[in-house]
Every structure is written in structure tokens, then in C-alpha cells.
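**Q** below are the sequence and a predicted model for it; my questions follow.
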Amino acid sequence: MIEATWELIVIIIGIALVFDFTNGFHDSANSISTVVSTKVLSPRSAVAFAAFFNFIAAFGFGVAVANTISKIIQLEIVETAVIPFIILAALTGAISWNLITWFFGLPTSSSHALIGGMTGAGLAAAGIAAIKWSTVGSVALFMIVSPLIGLACGFLFMAFIWNLTKNAEKTSAETGFKRLQLFSAAAYSFSHGTNDAQKTMGIIVPLLFSIGYFGTSVDPNNLPVPLWVILMAHAAIALGTLSGGWRIVRTMGYKITRLRPVHGFAAETAGASTIIGASLLGIPVSTTHIICTSIMGVGTTSGASTVKWGVARTIMWAWILTIPISALIGFAAFAVIRVVIGY
């Protein structure tokens, strides 16, 4: 079998950072669609604004999410020499699904694509025992729960704002919410970086473990995350956000429901609160799912008919398919890699 070398590890880390870049590119809509559609910021200003807060999230809420991701593959069961090739196959599955859904303008989850890719690649490499199913199960549970929390928070927060401002003069209220939306957009971009950049850290750390970077006495279930990994992951996702994903911006900013600054403020605040809570608990949630359902929740306060549920259904089908399809691609990718490396 071909052994993994430092050169190969560097290449796979580079591919992981490309995934992180596509995550920022794909998910830039999460951070900027509301401020662009409500005309609070121009598209160019919005992406720079979001990229900045994606990066400074490196100094936010620790690495609990990275620790969760690094435990999807049972490192003590899988042959150490095979770990880099499992990660390579997982990244192939995740990046492929990111690009497919970007092409069709569907705001799906890069996080779930990565988890699906890792699950499929791990199964191809070492069977059912290679996967920590309790971790995958908790992710699958929050795949359902976190969007519902976002929907409820969006609805309740928007209803609270309407009640609070029902007697306010319309023009001054609109101006006030434009200013407030800068704060909510910053909070959302920060929360996005906090949760999503950690997922790339969580796949780089097992790579380093596979070549003895941490020494022989380290616990594979409690791997540290070096500072340089944290900074590289946040820089990559910030650069991806700078590149923008305009197809998805159009879907989220214009096609789900009509947004005004007050709606954008409510959706971003609800989404940021949900994601930061998940990050503190170490739960890798989909920031895409949460902002989508927060927007839907906000929209329903004006009547269910204001939300374009046909678009929402299309998005939900893409969510449902994300883990299985990226897992299939990851499984197939490792099957090809197995032949190449002679495993």
C-alpha cells in the first residue's frame, strides 16, 4: 500500500482549505443575502463586511465544533495509514456536492456535505465500525431540529418587533432598522465563521494525527487544534465569502419572501442566536438551513402566502439529499483511491 507522506498531507490540507473556500463561496449568501436584498449594503460592501466577521470569528467561541467533527471517524479503529485517504475521499464528496448545488443555485449545507462525505468514505474504508454513529446521529437530529428553531425564532422575534414598533413612524423605523441590520449582519457573519470554519479544522486535525504530528501519547478522541490551523481555516472561509455566490444570493434574498430592513434584522438576529448556541454546545449545524428557515419564519408573520413555499420545498429536497448523495460520492471516491493505493 502507498504510504501517506508529508507532501501528500500538505496537498490534502490544501484541498481541505479549497473546501473551506467553497464553503465560504457557497455560504456567502447566508451572510449577505438579506443586507443586499434590503439595500442596506451594496453587494461589494456586503461581501467585504461578511468576510471580515467570518475571519475574526477565529477569536470567538473555541473549537468545540472542530472536536465533534474530528470524532466522526473512529481513529483508534481505522488503520492510521488510511486516514489521509479517507479524508481525501470525504473532501471529494463534499466539494462535488457544493459545486453541484451552487450550479443550480440551491442553498444546501456544506457541513452536511462534509459529514456525508466522511461517512461514505469511512464505510468504504473500514465498514460500519469506522463511524462514530452517535456523532452522526446527533448531527442528523439537529439537521431537523435547528431549522425548526430558526423558523420559530424568526417568527417570534419578528412578531415581537411588530408589536414593539406598531405605533412608530414608518420612515424613521425603516431608517432605524437599516442601522440595526448592520449589527445583526455582523453577528450572523460572526456566527457563520464560528461554526463553519471549525468543520475544516475538524478534518485537518486527523490528518496531522495520522503522521504523528501530536506525538505518540495523544488521545485520538481529544486532539488539540493548533493555532495555525484555526487561522488558516478562517482565512480560507473569509476569502470564499469575498468571492460571493450570486446565484444563491438571488434565491435567498429575493425568491423565498420579500424582505425589508426590519425582516433582515429579525432573520439575522434569530439565525445568529441559534448558530452561536449550537457552536457553544459543539454541534455542527447548517448555517444555511438556519438562515433559510429564519427568513421563512419572519415572512410568515405577514401571512403564509407571502412565503414562496414552492421554492422552499425545492430547497428542502436538496437538504434531504445532501448527506446521502455526498456519502455516495465519498464512498465511490474511496473505492477509486483504494485501487490506486493498493489498499
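**A** Received the coordinates, thanks.
**Q** could you identify the helix or strand that succeeds the one helix or strand in the chain whose mean pLDDT sits lowest?
**A** Per-element confidence for the chain was summarised using mean pLDDT, DSSP states H and E. The lowest value among helices and strands belongs to helix 246-250, with a mean of 56. Counting by DSSP states H and E, the next helix or strand C-terminal to helix 246-250 is helix 261-280.
**Q** after that following helix, which helix or strand is next?
**A** Once helix 261-280 ends, the next helix or strand along the chain (criterion: DSSP H and E) is helix 287-300.
**Q** hey, C-alpha coordinates of that following helix in CSV?
**A** Extracted C-alpha coordinates of helix 287-300, given in CSV (Å, rounded to 0.1, in the frame of the first residue of the first chain):
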residue,chain,number,x,y,z
THR,A,287,-25.9,27.8,8.9
THR,A,288,-27.7,27.6,5.5
HIS,A,289,-30.7,25.8,6.9
ILE,A,290,-31.0,28.1,9.8
ILE,A,291,-30.9,31.4,7.9
CYS,A,292,-33.4,29.9,5.3
THR,A,293,-35.9,28.9,7.9
SER,A,294,-35.3,32.2,9.9
ILE,A,295,-36.3,34.1,6.7
MET,A,296,-39.3,31.8,6.3
GLY,A,297,-40.3,32.4,9.9
VAL,A,298,-40.0,36.2,9.5
GLY,A,299,-42.0,36.0,6.3
THR,A,300,-44.9,34.1,7.8
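**Q** give the next helix or strand downstream of it.
**A** Criterion used, DSSP H and E; the element after helix 287-300 is helix 309-341.
**Q** helices and strands around that following helix, which ones?
**A** Applying 3 or more C-beta pairs under 8 Å, 6 or more residues apart in numbering; DSSP states H and E, one finds that helix 309-341 contacts helix 83-103, helix 110-126, helix 133-165, helix 287-300. In this view, the C-beta of every residue, glycine as well, is placed from N, C-alpha and C.
**Q** CSV please, covering those and showing distance to residue 15.
**A** Supplementary listing: those in CSV, determined by distance: least, C-beta to C-beta, whole Å:
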stretch, distance to residue 15
helix 83-103, 5
helix 110-126, 12
helix 133-165, 22
helix 287-300, 22
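**Q** measure stretch 127-139 end to end?
**A** Across stretch 127-139, the terminal residues are separated by 20 Å (C-alpha to C-alpha, to the nearest Å).
**Q** any weak-confidence spans in the protein?
**A** Scanning the chain for pLDDT under 70 picks out 1-2, 26, 28-31, 33-34, 106-107, 244-259, 304-315, 318.
**Q** mind doing that once more with 50?
**A** Judged by pLDDT under 50, the chain has its weakly predicted residues at 253, 256.
**Q** contact partners for residue 209?
**A** When contacts are counted by C-beta atoms under 8 Å, 6 or more residues apart in numbering, residue 209 touches 75, 80, 83, 218, 220, 223.
**Q** show me which of the residues you listed is closest to residue 173.
**A** residue 223 (49.6 Å; C-beta to C-beta).
**Q** list the contacts of that closest one.
**A** Residues in contact with residue 223, defined by C-beta under 8 Å, 6+ apart, are 67, 70, 205-206, 208-209, 214.
**Q** of those, buried ones?
**A** Neighbour-count burial within the contacts of residue 223 applies to 67, 70, 205-206, 208-209; the criterion is 16 or more other C-beta atoms under 10 Å.
**Q** can you put those in CSV and add secondary structure and distance to residue 160?
**A** As requested, those are arranged in CSV below (DSSP: H, G, I helix; E, B strand; the rest coil; distance: C-beta to C-beta, whole Å):
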residue, secondary structure, distance to residue 160
67, helix, 35
70, coil, 39
205, helix, 41
206, helix, 43
208, helix, 46
209, helix, 47
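**Q** coming back round to it: want to throw the contacts of residue 209 into TSV with secondary structure?
**A** Converted to TSV, those look like this (DSSP: H, G, I helix; E, B strand; the rest coil):
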residue	secondary structure
75	coil
80	helix
83	helix
218	coil
220	coil
223	coil
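**Q** neighbour-wise, give me the winner out of these.
**A** Highest neighbour count within those, by other C-beta atoms under 10 Å: residue 83, with 24 neighbours.
**Q** so that residue sits against residue 76, correct?
**A** No. Under the contact definition of C-beta atoms under 8 Å, residue 83 does not touch residue 76, with a separation of 11.1 Å.
**Q** what's the burial count for the spatially closest residue to residue 295 that is not a sequence neighbour?
**A** Leaving aside its chain neighbours, residue 295 sits nearest to residue 267 (4.7 Å; criterion: C-beta to C-beta, 6 or more residues apart in numbering). Summarising burial for residue 267: neighbours were counted as other C-beta under 10 Å, giving 34.
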